[in-house]
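Participant: model this:
(2 chains)
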Number of protein chains: 2
Amino acid sequence: MFLKANKIPEATITRLSVYSRVLQILEKNGTLRVSSEEIAQLMDGTAAQVRKDLAYFGEFGTRGIGYDVSGLNKNLMKVLGLNKGRNVAIVGAGRVGRSLALYSGFEKRGFRNLGIFDVEHSRVGGQVGELTVMSMNEIDDFVKEHNVQMGVVAVPAFYAQEVANCLIKAGVRSLLNFAPVSLVVPLGFPVRYVDLSILMETLSFYMGIEEQKEIERANRATKRSAI
Amino acid sequence: MFLKANKIPEATITRLSVYSRVLQILEKNGTLRVSSEEIAQLMDGTAAQVRKDLAYFGEFGTRGIGYDVSGLNKNLMKVLGLNKGRNVAIVGAGRVGRSLALYSGFEKRGFRNLGIFDVEHSRVGGQVGELTVMSMNEIDDFVKEHNVQMGVVAVPAFYAQEVANCLIKAGVRSLLNFAPVSLVVPLGFPVRYVDLSILMETLSFYMGIEEQKEIERANRATKRSAI
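Facilitator: Alright, predicted model coming up:
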């Protein structure tokens, strides 16, 4: 199933998450079968896109009959590795780390948040929901003992690389980074960044393209009226 | 400059933001010139990638001399549309909306947060930093009067589409959406989503690929030892 993995666009992977959520809702509503058109309608996409995305992972549907809702969702969860459950630890008990630790939405999708840590001694021992904030001295043992696969870096920029190093050394397999710095990690190690400034600047770029198009349209209109 | 815009990978746009930040730091430190190798080192990339990314937008550097730090940053800010300043309004005065309104990092990059709104009457009139939470009845006039270009949707999923419709109708040119739903917007309208579940599921997928590779390596090793 993963043979073509390198050729799969990340946008497809992102949409798989959304498809899976759409299917979860349909399943709860008792829907048994669904077409690519129906999935597309529920998430503002096109049927061709849905079929193309799913085709990367095998033949899930039957022409004229559509997809088996529950079966397709099970397959997508498997593709996304969510059938195994993913153990998570958060480093940073500030606003971001605490919000994440208290958010229950992840658990529904197979993520278990097992621990929260902080680099500041004053925060260690504090309570976040049912979890007690632990010291960074404990993280290596904790990751190994609880098979933590995903580390969340939610500390100030200054500490981020050091925290990432600790997590990788302890054995996590991926990082979600909220600190506004690029992390140095081993080649191929999965990291994703949550940096709102960068997202906003990307939006600004695409607004610029639209503005440019409008200027060009206006110029063409002026030229036409001048002829 | 925007002629090739459709062919520019979004990852390049994302890196432009990071390059620009690296250049800002260098400029503050009094550095006048920088090579693609030096930029690459400061952000965990390769010199070839830096040169390829920048080449989409013109000939900024001189072979053997490198880039003019201040000039290149001015050009990147222009490409990103940040030289003009971008006016922002936030809808949702909950945890996410308030955090964003209080975050000063955006202003340094040319974003001005002008207003915060909420759909819940109980929140209207409340204070967030120097801003008073306004009612959704006021948003149409506000967007037009203050030339708000970017709308931030930070309301519960149930209200997100309605809020997006109001913002688009009022005249914003892009949306940053924190609600965990897909928004229906006009074709080509720039929207970006901040959905941590999706990011985490993407990471889970890539962890799966690495795990698969390890299984294959182990299988090959077993086969070899069996021969």
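Participant: mind listing what's buried in the helix or strand of chain A with the lowest mean pLDDT?
Facilitator: When each helix and strand of chain A is scored by mean pLDDT, DSSP states H and E, helix A:105-108 comes last, with a mean of 74. Buried positions in helix A:105-108, judged by neighbour count with 16 or more other Cβ atoms under 10 Å in any protein chain shown: A:F106. Where you see a C-beta, it was placed from the backbone N, CA and C, and this is true even at glycine.
Participant: could I have it exported to CSV, CA atoms only?
Facilitator: In CSV, the C-alpha atoms belonging to helix A:105-108 read as follows (Å, rounded to 0.1, in the frame of the first residue of the first chain):
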residue,chain,number,x,y,z
GLY,A,105,-10.9,16.1,19.9
PHE,A,106,-7.7,14.2,19.3
GLU,A,107,-8.6,11.2,21.4
LYS,A,108,-11.6,10.5,19.1
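Participant: Contacts for it, please.
Facilitator: For helix A:105-108, the surrounding residues in contact (Cβ atoms under 8 Å, 6 or more residues apart in numbering or on different chains) are A:88, A:100, A:113, B:180, B:196-197, B:200.
Participant: ditto for stretch A:57-73
Facilitator: For stretch A:57-73, contacts defined as Cβ under 8 Å, 6+ apart pick out A:1, A:19-20, A:23-24, A:26-27, A:31-36, A:38-39, A:51, A:54, A:75-76, A:79.
Participant: For that stretch, buried residues please.
Facilitator: A:57, A:60-61, A:66-69, A:72-73.
Participant: What of stretch A:77-96?
Facilitator: Counting neighbours by 16+ other Cβ under 10 Å, one finds that the buried residues in stretch A:77-96 are A:77, A:79-82, A:86-93, A:96.
Participant: Return the member of the residues you listed nearest to chain B.
Facilitator: Distance to chain B, by Cβ to the nearest Cβ, is smallest for A:G81 among the buried residues of stretch A:77-96, at 3.8 Å.
Participant: Contact partners for the closest one?
Facilitator: A:G81 makes contact with B:204-205, B:207-208, B:211 under the criterion Cβ under 8 Å, 6+ apart.
Participant: Got a quick ChimeraX command for the buried subset of the contacts of stretch A:57-73?
Facilitator: Buried subset of the contacts of stretch A:57-73, written as a ChimeraX selection, criterion 16+ other Cβ under 10 Å:
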select /A:19,20,23,24,26,27,33,34,35,36,38,39,51,54,75,76,79
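Participant: and the contacts of stretch A:57-73 near chain B, which?
Facilitator: A:20, A:79 (Cβ under 8 Å from any Cβ of the partner chain).
Participant: Sort out which of the contacts of stretch A:57-73 are in strands and list them.
Facilitator: With DSSP state E as the criterion, strands contain A:33-34 from among the contacts of stretch A:57-73.
Participant: element containing the spatially closest residue to A:Q24 that is not a sequence neighbour, please.
Facilitator: Excluding its sequence neighbours, the residue lying closest to A:Q24 (Cβ to Cβ, 6 or more residues apart in numbering or on different chains) is A:N73, at 6.2 Å. Assigned by DSSP states H and E, A:N73 belongs to helix A:69-79.
Participant: Which SSE is immediately downstream of that helix?
Facilitator: Toward the C-terminal end, the helix or strand that comes next after helix A:69-79 (DSSP H and E) is strand A:86-91.
Participant: That next one pairs with which strands?
Facilitator: Strand A:86-91 has its sheet partners listed here by DSSP bridges as strand A:111-118 (parallel), strand A:150-153 (parallel).
Participant: In PDB, list the C-alpha atoms belonging to it.
Facilitator: Extracted as PDB, the C-alpha positions of strand A:86-91 are listed here (Å, rounded to 0.1, in the frame of the first residue of the first chain):
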ATOM      1  CA  ARG A  86      -0.700   7.200  18.500                       C
ATOM      2  CA  ASN A  87       0.900   8.100  21.900                       C
ATOM      3  CA  VAL A  88       1.700  11.800  22.300                       C
ATOM      4  CA  ALA A  89       3.700  13.800  24.800                       C
ATOM      5  CA  ILE A  90       3.500  17.600  25.000                       C
ATOM      6  CA  VAL A  91       6.500  19.700  26.100                       C
END
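Participant: between whatever helix or strand comes next after that strand and strand A:111-118, how many degrees?
Facilitator: Past strand A:86-91, further along toward the C-terminus, the next helix or strand under DSSP H and E is helix A:95-102. On the basis of axes from the mean of the first three to the mean of the last three Cα atoms, to 10 degrees, helix A:95-102 is oriented at 140 degrees to strand A:111-118.
Participant: Distance from the chain centre to helix A:95-102, please.
Facilitator: In terms of Cα atoms, centre = their mean, to the nearest Å, the centre of helix A:95-102 is found 16 Å from the chain centre.
Participant: try stretch A:127-140
Facilitator: Relative to the centre of its chain, stretch A:127-140 is centred 24 Å away, using Cα atoms, centre = their mean.
Participant: what's the average pLDDT for that stretch?
Facilitator: Stretch A:127-140 carries an average pLDDT of 95.
Participant: now do stretch A:85-100
Facilitator: For stretch A:85-100, mean pLDDT is 87.
Participant: Which of the residues in the top helix by length along chain A are classified as buried?
Facilitator: Assignment by DSSP state H gives helix A:196-226 as the longest helix of chain A. Across helix A:196-226, burial judged by 16+ other Cβ under 10 Å covers A:196-209.
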